[in-house]
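*Asks:* Test case, fold it:
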Amino acid sequence: MITVCIPTYCYDVRELVSELRRQAQQVDVEFEIVVIDDGSPKEWQQKYETISDMAKFIFLPQNVGRAAVRNLFLHHARNNWLLFLDSDVLPVDSLFLKQYVDTIKKNPSVEVICGGIQMPPKPDDRKQILRWYYGLKRESRSAEQRNRNRYQSFMTGNFCIRKTILQQIPFDERLVRYGHEDTLFGYRLMQHGISIKHIDNPVFHLQLEDADQFLKKTEIAVSNLYYISKTLLQLDYLFISQNKLLRKAYQFKRYGLSGFCGVLFSLFQPIISWLLTQRKPLLWLFDLYKLGYLCRIMR
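*Replies:* The predicted structure is shown next:
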């Protein structure tokens, strides 16, 4: 019934695989775990020898990217439902798998189910506060909140999808860099009228980057979002209008303000970055950082 699909890169998934296998013993359905390592150094293969009986491990010789590696599970999963989990997560509930199985059985018409993300307790390392606080305020949302904008709320870290739907709408493999492949995929689901349901069945997001790393990843993600809007979707008005960051940036560009905004961002970027590393980061300032960076690359 369910194949758990875990793409990973230089992250130890042994605890996650062990917990999923333990939970699977309590659920009377056909079940398997498939892990695809996206080009990690060879020493990572040795880490998984102790749990090789719990999951099917596939090691790619080189990194193919977040979109392409997810599509590869179509060739290795034998079940009709695929449960995708990021490698740096862990189920919050001991009945995590059972909740997905119950939802599938009770909702025969549903095609995509999203469980949600939850942040771990506040980190001791001050450098990780920005990533933790952003996740707490922007990503850790209830099913009720996510169902209000079900397609825009789609995230790849914890979702279950019918295999036939992923075959019909695969992840866009032109996206090879980090960021917003979930934004594009959610939009494709909306375009095709795919039934999506959000439930309260979260996983902990465990890997927290320090503020400097998170800001660098954010810049890559913002660049990817711009690439999606301009190149892949050819300035699709609906896609832009549904994304607050894109909508505001294109408004600035329309009125000839993106260049000015980009220059201001370049001047104040060091100060904003410093402020975002403090113990109480302001998310409106983080939003301003993303907008300024986007305007700078659009000009």
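*Asks:* what's the closest non-adjacent residue to Leu294?
*Replies:* Closest residue to Leu294 apart from its sequence neighbours, by C-beta to C-beta, 6 or more residues apart in numbering: Ala249 at 4.5 Å. In this view, the C-beta of every residue, glycine as well, is placed from N, C-alpha and C.
*Asks:* how about the helix or strand that the one you found is a member of as CSV, C-alpha atoms only?
*Replies:* Take DSSP states H and E as the rule and Ala249 turns out to sit in helix 244-254. Coordinates of each C-alpha in helix 244-254 appear next as CSV, following Å, rounded to 0.1, in the frame of the first residue of the first chain:
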residue,chain,number,x,y,z
LYS,A,244,3.4,37.5,-2.0
LEU,A,245,7.1,37.9,-2.6
LEU,A,246,6.8,37.7,-6.3
ARG,A,247,3.8,39.9,-6.5
LYS,A,248,5.5,42.7,-4.6
ALA,A,249,8.7,42.4,-6.6
TYR,A,250,7.0,42.5,-9.9
GLN,A,251,5.0,45.5,-8.8
PHE,A,252,8.3,47.3,-8.0
LYS,A,253,9.6,46.3,-11.4
ARG,A,254,6.5,47.6,-13.2
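*Asks:* I'd like the numbering to begin with 614 instead of 1 from here.
*Replies:* Let's use 614 as the start, then, which means that last one is helix 857-867.
*Asks:* Isn't the residue nearest to Leu907 up against Tyr906?
*Replies:* No - when contacts are counted by C-beta atoms under 8 Å, Ala862 is not listed as touching Tyr906 (9.6 Å).
*Asks:* can I get the CA coordinates of stretch 651-669 in PDB?
*Replies:* In PDB, the C-alpha atoms belonging to stretch 651-669 read as follows (Å, rounded to 0.1, in the frame of the first residue of the first chain):
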ATOM      1  CA  ASP A 651      21.800  11.800  -4.000                       C
ATOM      2  CA  GLY A 652      25.600  11.500  -4.600                       C
ATOM      3  CA  SER A 653      27.000  11.600  -1.000                       C
ATOM      4  CA  PRO A 654      30.600  10.500  -0.500                       C
ATOM      5  CA  LYS A 655      31.100   6.800  -0.400                       C
ATOM      6  CA  GLU A 656      31.700   6.600   3.300                       C
ATOM      7  CA  TRP A 657      28.000   7.300   3.800                       C
ATOM      8  CA  GLN A 658      27.200   3.900   2.300                       C
ATOM      9  CA  GLN A 659      29.000   2.200   5.200                       C
ATOM     10  CA  LYS A 660      26.700   4.000   7.700                       C
ATOM     11  CA  TYR A 661      23.700   2.100   6.400                       C
ATOM     12  CA  GLU A 662      25.100  -1.400   6.500                       C
ATOM     13  CA  THR A 663      23.600  -1.900  10.000                       C
ATOM     14  CA  ILE A 664      20.000  -1.200   8.800                       C
ATOM     15  CA  SER A 665      20.300  -2.700   5.300                       C
ATOM     16  CA  ASP A 666      17.600  -5.200   6.200                       C
ATOM     17  CA  MET A 667      15.100  -2.400   7.000                       C
ATOM     18  CA  ALA A 668      15.100  -0.400   3.800                       C
ATOM     19  CA  LYS A 669      16.100  -0.500   0.200                       C
END
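*Asks:* Now that stretch: average pLDDT?
*Replies:* What stretch 651-669 shows for mean pLDDT is 87.
*Asks:* And it, what's buried?
*Replies:* Asp651, Gly652, Ser653, Trp657, Tyr661, Ile664, Met667, Ala668 (16 or more other C-beta atoms under 10 Å).
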